[in-house]
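Trainee: Just a sequence and a predicted model for now, questions to come.
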Amino acid sequence: MTLIKSISGIRGTIGGKPTENLTPIDAVKFAAAYGTWLKEYSGKDKLNVVIGRDARLSGEMIQNLVVSTLVGLGIDVVDLGLSTTPTVEIAVPLEQADGGIILTASHNPKQWNALKLLNENGEFLNAEQGARILELATEEDFDFAEVDALGKVVTKDTYLDIHVEQVLQLSLIDPEVIREQKFKVVVDGVNSTGGIAIPKLLDALGVSVIELYCDPTGHFPHNPEPLKEHLGDICTKVVEEKADFGIVVDPDVDRLAFISNDGEMFGEEYTLVACADYVLGKTSGNTVSNLSSSRALRDITQKHGGKYEAAAVGEVNVVAKMKANNAVIGGEGNGGIIYPESHYGRDALVGTALFLMLLAERGGTVAELRAGYPGYFMSKKKIQLTPELDVDQLLRDMEEKYAGDEVNTIDGVKIDFPDSWVHLRKSNTEPIIRIYTEAKSQQKADDLADKMIVEIREVAGI
Ligand code: MG
């Protein structure tokens, strides 16, 4: 049982005692803190907030609490009901709303839920704003509205269609070009809202859809994080159905992974690489991903004559860096595609459409497309430390040790070698260091991670 409060929001397990879990009391307190912050931040008396949720079992319960709390603060609510994170993000500016909340624990299993908080642009709050909301939640100095000033709720169920239409209208998407290909695709929507949104988009693009776990019941048929070990069913189905490829999304539809026609993972890291390859082929420019993402994006960007920049981990950091570097596309290696012409948020619908355009134009199979990209392999390990150890000092010592190499310290310690890299990050919740590596073979990536574990032990004297 857990409740994690951080500057990026509140996330916890359902059930149990308040302050130890995401109970109704915690949901109300945090929603009240967000509403109070929004009044303070906007300086306005009358506010409007867009709310949507993924299909998880606790969604309706948490949503009712959050909506009623905002109404109690005198804030109007536009309720999108079952929706996706990117759909709520595009609805906020379209509604000229002051903010937005998505009720989703993203890729986490069914016992989790969370509040994802947006500003008036439909983008994630920054660290300072997140910190202020935590402060307000602790102080509990809330001022609720009197009876004549309560907020009002309107329900709008058309935003998934509006979202799909917006994707079709993007200048680099030509639905006719995709329709001509008569693609056949298997979709695993993990029984959440991707099971509605992705088939809707594919139908509009003339793609024949084989649905696998597309009923938004919230009963996730497998661990909802789109990693190879959870995706056996769709890998089999793609081969059985002789489909062109498979699409997997997480419960709130901001992460996207593909399965190649041969039933192998296209690789979550390569979703962004492929989408960027298409966009950069049409629009010259720069790209951004986070420090833990594959170097393949840098290689593809340089091939197209652009410049690649790495941001600290976290969507808000990637977006800030994309704006600063005029990136034409960016995102996260975990299958998060951010395409600014649409909006500054990870969007699996946008990613799907860009990928279909790439396939339509390149021809060949998805496995062939994948084989044409630089081959990198990642290893993700961690080292358990003791609570009394000064982890920051340890990371500084590692930085020192590799001072002769290319070292980036905007987020932990990232060391770039000619053919590989390592990224060391401390956890904010437990005494561990996460060790991510990438190299030209799985063996090399694993060996590099093991070597780092030995070196960290040496430096720490443990
Ligand atoms: Mg997600």
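Mentor: Cool, got the structure. Numbers count the residues shown, from 1 in each chain.

Trainee: Does Tyr348 touch Gly195 like I think?
Mentor: Tyr isn't right for residue 348; it's Ala. No. Taking Cβ atoms under 8 Å as the definition, Ala348 is not a contact partner of Gly195, at 11.9 Å. Backbone N, C-alpha and C define where each C-beta goes, glycine included.

Trainee: In the stretch 351-462 of the chain, which residue sits nearest the ion?
Mentor: Gly351 (12.5 Å; Cβ to the ion).

Trainee: How about the contacts made by that residue?
Mentor: Residues near Gly351 by Cβ atoms under 8 Å, 6 or more residues apart in numbering: Leu256, Thr271, Leu272, Cys275, Gly335, Ile337, Tyr339.

Trainee: what's the average pLDDT for the helix or strand containing it?
Mentor: Using DSSP states H and E, Gly351 falls within helix 348-362. When pLDDT is averaged over helix 348-362, the result is 98.

Trainee: now that helix, how far from the centre of its chain.
Mentor: Centroid separation for helix 348-362 versus its chain: 18 Å, with Cα atoms, centre = their mean, to the nearest Å.

Trainee: buried ones in it?
Mentor: In terms of neighbour count (16 or more other Cβ atoms under 10 Å), helix 348-362 has its buried residues at 348-360, 362.

Trainee: ok, now stretch 420-435?
Mentor: Buried residues in stretch 420-435 (16+ other Cβ under 10 Å): Ser420, Trp421, Val422, His423, Leu424, Arg425, Lys426, Ile433, Arg434, Ile435.

Trainee: can I get these in a markdown table with secondary structure and pLDDT?
Mentor: What follows is those, written out as a markdown table (DSSP: H, G, I helix; E, B strand; the rest coil; pLDDT from 0 to 100):
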| residue | secondary structure | pLDDT |
| --- | --- | --- |
| Ser420 | coil | 97 |
| Trp421 | strand | 97 |
| Val422 | strand | 97 |
| His423 | strand | 97 |
| Leu424 | strand | 96 |
| Arg425 | strand | 95 |
| Lys426 | strand | 92 |
| Ile433 | strand | 93 |
| Arg434 | strand | 93 |
| Ile435 | strand | 96 |
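
Trainee: Could you dump those into a markdown table with distance to Asn317 added?
Mentor: Formatted as a markdown table, the buried residues of stretch 420-435 follow (distance: Cβ to Cβ, whole Å):
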| residue | distance to Asn317 |
| --- | --- |
| Ser420 | 23 |
| Trp421 | 18 |
| Val422 | 20 |
| His423 | 14 |
| Leu424 | 17 |
| Arg425 | 13 |
| Lys426 | 16 |
| Ile433 | 20 |
| Arg434 | 16 |
| Ile435 | 20 |
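
Trainee: now the closest residue to the ion within the chain: how far from Ala360?
Mentor: The nearest approach of the chain to the ion comes at Ser106, 3.3 Å away (Cβ to the ion). Per Cβ to Cβ, to the nearest Å, Ser106 is found 30 Å from Ala360.
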